[in-house]
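*Asks:* coords below, sequence missing:
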């Protein structure tokens, strides 16, 4: 009997400056719940994560032996990509979350973007 929802480790960073990709299988939807990134390098480096079409995490490590744990809820639909990259040799990152069956895919077109002048947002004065 297949499970409807289960935990999944989507990707672990690979070589320095090389994106590691996970493609969400057809008929599934992924929710990225956590990123664990650490730096063991003596030099500065960065960790980046993309979920679907969006960059959802970018952290620059300026010292070694630092760990960042990020909790989030980002969606990747069927056949979209979840990716991770590190820019320092001793840095690494793991991206994990939930994968579940979803034959509906996206249920609506993406929303429209509307722009407003700053002075109209919550009554705040415009910056000059």
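*Replies:* Structure received. In this text, all values refer to a predicted model and were calculated from it rather than measured experimentally.
*Asks:* tally up the residues packed near residue 15, please.
*Replies:* Other residues lying near residue 15 total 10 when counted by other Cβ atoms under 10 Å. For every residue, glycine as well, the C-beta is placed using N, CA and C.
*Asks:* er, residue 4 actually
*Replies:* Residue 4 sits with 8 neighbouring residues when counted by other Cβ under 10 Å.
*Asks:* residue 59 now?
*Replies:* Neighbour count for residue 59, taken as other Cβ under 10 Å: 17.
*Asks:* just the element for it, please.
*Replies:* Using DSSP states H and E, residue 59 sits in strand 54-61.
*Asks:* which elements pack onto that strand?
*Replies:* Contacts defined by 3 or more Cβ pairs under 8 Å, 6 or more residues apart in numbering; DSSP states H and E place strand 54-61 against strand 28-39, strand 45-51, strand 66-76.
*Asks:* now the angle from it to strand 28-39?
*Replies:* Angle of strand 54-61 versus strand 28-39, following axes from the mean of the first three to the mean of the last three Cα atoms, to 10 degrees, is 10 degrees.
*Asks:* got phi/psi on residue 103?
*Replies:* phi -80, psi -10 (degrees, to the nearest 10).
*Asks:* does it really touch residue 27, like I thought?
*Replies:* Yes. If you go by Cβ atoms under 8 Å, residue 103 and residue 27 touch, sitting 5.3 Å apart.
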